[in-house]
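J.: what follows is a predicted protein model with its sequence.
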Amino acid sequence: MLALLTRDLRLAVRAGGGFGLGVAFFLILSALVPFGVGPDRAALAPVAPGILWVGALLACLLSLDRIFALDHEDGSLDLLATAPMPLEGAVAVKALAHWITTGLPLVLAAPLFGVLLQLPPVAMPWLVLSLLIGTPALSMLGAFGAALTVGLRRGGLLLSLLVLPLYIPTLIFGAEITRRGAEGAAIVTPLVFQAGITLAVLALIPFAAAAALRVNLR
Amino acid sequence: MRHLAVHDLSVSRGGLRAVEGVSFTLDAGEALILRGPNGIGKTTLLRCIAGLQAPVAGRIDAAEDSVAYAAHADGLKPALSVAENLTFWSRIFGGKPIEPALAAMDLTALSDRPAGALSAGQKRRLGLARLLVTGRPLWVLDEPTVSLDAASVTAFGVVIRAHLALGGAALMATHIDLGLSEARVLDLTPHRAQPGAVARPASFNEAFA
């Protein structure tokens, strides 16, 4: 499993791997919104948590179809399916690799982009925490969508439509944690819900995604 | 030791019966070559035996994790070098050393090249070298010699013969003579599914599974 993780990470940082795509998209969005809305703190600060979370979610969505599509094209997926490693494990490792290359950079870069959107400094730790807890669920749900659409040509649109509804709870609670953090309100309830969603997704989705892959490999 | 026993196997592709009523066995040290016209279902049959697809009817008896499958796609990453590609598969399948495999397929000199810079025949050789690092006894090969030159075909024949001598077995779909005079040949033409006489309809689950 470690071999699969290191290979996916290595592929991501080599030419054509798409590493940094998500962060670049996140940066573009965070830089453009102040131009559209105006740099006024009173206008930006209330919408900043929502925009940051929507940006992180869309940035994550951007690279989802690569999770399995390339491995399917070159036959690696067939070979992984016949490998001694369970397919559920392969799914989990590939989702982890996606999170490390897409979700983790977003978490680390978020405070910087928060400044662009006039997010109050007091909310920064909560923004980072909510992304840290929420983005693994985005990667894992995305792996499920990618597994469902793996054999399809131009499956990106279908993938987005399938995955976006599943992203909504994470988006709602993530933005809520950040908003309450900015206001200094109690954040325990959305935080617990967010963590619960992520844990449930991490526990259940590898099995669903592996089942979808098996069907698509036939 | 018996590596594979297939009993009255029927497979379907895209909801249509391909071949049906196929039975054969494969013992240690044996090679079996499947022949038949294009589209009869050789690839589908091999995918079933590799466990990638469920048969419509019949039974496949093979030990768990005994099959090494090689098909048209070699599972190579163009951004990784030859050695990195092979090391990855070796680690996935249990960590056999890659040097003997590289030497057997005459790839040692290319080991630092990115796989994307290889010719079609060299990629194929790398894909076949993967079989050696899996350490699995039963090789299931779908047109293994596509884009190989005559010398490489001979070299691959030697590799297969060495594998058989070590107690392995090989099941191949190929139209090319690999120089394996001892290999048995199974012609699938008589097993072609008859469209008119559908005694056993394609599985109901085909549409939903």
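T.: In hand now; what should we look at?
J.: I'd like to know how many residues surround A:Val54.
T.: Residue crowding around A:Val54 was assessed by other C-beta atoms under 10 Å in any protein chain shown; the count is 17. C-beta: built from backbone N, CA, C; applies to glycine.
J.: which ones are touching the residue lying closest to B:Asp27 once chain neighbours are set aside?
T.: In space, B:Asp27 comes closest to B:Arg2 once its chain neighbours are excluded; the distance is 5.2 Å by C-beta to C-beta, 6 or more residues apart in numbering or on different chains. Neighbouring residues of B:Arg2 by C-beta atoms under 8 Å, 6 or more residues apart in numbering or on different chains: B:25-28, B:61.
J.: quick one: buried ones out of the residues you listed?
T.: Buried positions within those, assessed by neighbour count (16 or more other C-beta atoms under 10 Å in any protein chain shown), are B:Leu26.
J.: show me the two of the contacts of B:Arg2 that sit farthest apart.
T.: The two members of the contacts of B:Arg2 with the most space between them (C-beta to C-beta) are B:Ala28 and B:Asp61, at 14.5 Å.
J.: which stretches of the chain have low pLDDT?
T.: Using chain A here. Counting by pLDDT under 70, chain A contains low-confidence residues at A:15-17.
J.: meant chain B, my bad for not saying
T.: For chain B, the stretches flagged by pLDDT under 70 are B:195-209.
J.: in it, what residue is nearest chain A?
T.: Distance from chain A to each residue of chain B (C-beta to the nearest C-beta) is smallest for B:Ala73, at 2.6 Å.
J.: that residue against A:Gly75, yeah?
T.: Yes. Counting by C-beta atoms under 8 Å, a contact exists between B:Ala73 and A:Gly75, whose distance comes to 2.6 Å.
J.: and A:Ser63, how many neighbours?
T.: Neighbour count for A:Ser63, taken as other C-beta under 10 Å: 22.
J.: for B:Ala120, same thing?
T.: If you count neighbours by other C-beta under 10 Å, B:Ala120 ends up with 11.
J.: B:Gln194 now?
T.: B:Gln194 sits with 9 neighbouring residues when counted by other C-beta under 10 Å.
J.: can you classify it by secondary structure?
T.: Under the three-state scheme (DSSP: H, G, I helix; E, B strand; the rest coil), B:Gln194 adopts coil.
J.: which residues touch it?
T.: Taking C-beta under 8 Å, 6+ apart as the criterion, B:Gln194 is in contact with no other residue.
J.: distance of it relative to B:Val19?
T.: Counting by C-beta to C-beta, to the nearest Å, the gap from B:Gln194 to B:Val19 is 11 Å.
J.: list residues touching both of the two?
T.: Looking at what touches both B:Gln194 and B:Val19 (by C-beta under 8 Å, 6+ apart), there is no common residue.
J.: leaving out sequence neighbours, find the closest residue to A:Ala146.
T.: Taking C-beta to C-beta, 6+ apart as the measure, A:Ala146 lies nearest to A:Ile67, with 4.2 Å between them; neighbours along the chain are not counted.
J.: so that neighbour makes contact with A:Val93?
T.: No. With contact taken as C-beta under 8 Å, A:Ile67 and A:Val93 are classed as non-touching, separated by 10.7 Å.
J.: neighbour count for the two, which is higher?
T.: Residue environment comparison for A:Ile67 versus A:Val93 gives the larger neighbour count to A:Ile67, 26 against 22, counting by other C-beta under 10 Å.
J.: and that one, its phi and psi?
T.: The phi/psi pair for A:Ile67 (degrees, to the nearest 10) reads phi -60, psi -50.
J.: now what about stretch B:163-179, what contacts it?
T.: Residues from elsewhere that reach stretch B:163-179 (C-beta under 8 Å, 6+ apart): B:1, B:3-4, B:26-35, B:42-43, B:45-46, B:49, B:131-132, B:137-145, B:153-154, B:156-157, B:160, B:183.
J.: and for stretch A:169-181?
T.: With C-beta under 8 Å, 6+ apart as the test, stretch A:169-181 has contacts from A:48-50, A:52-54, A:56-57, A:119, A:122-123, A:125-127, A:129-131, A:133-134, A:137-138, A:141, A:186-187, A:190-191, A:193-194, A:197-198.
J.: and A:Asp8, that's in a helix?
T.: Yes. For A:Asp8, which was evaluated using three-state DSSP, the result is membership in a helix.
J.: list the contacts for it?
T.: Listed by C-beta under 8 Å, 6+ apart, the contact set of A:Asp8 reads A:93-94, A:97-98, A:101.
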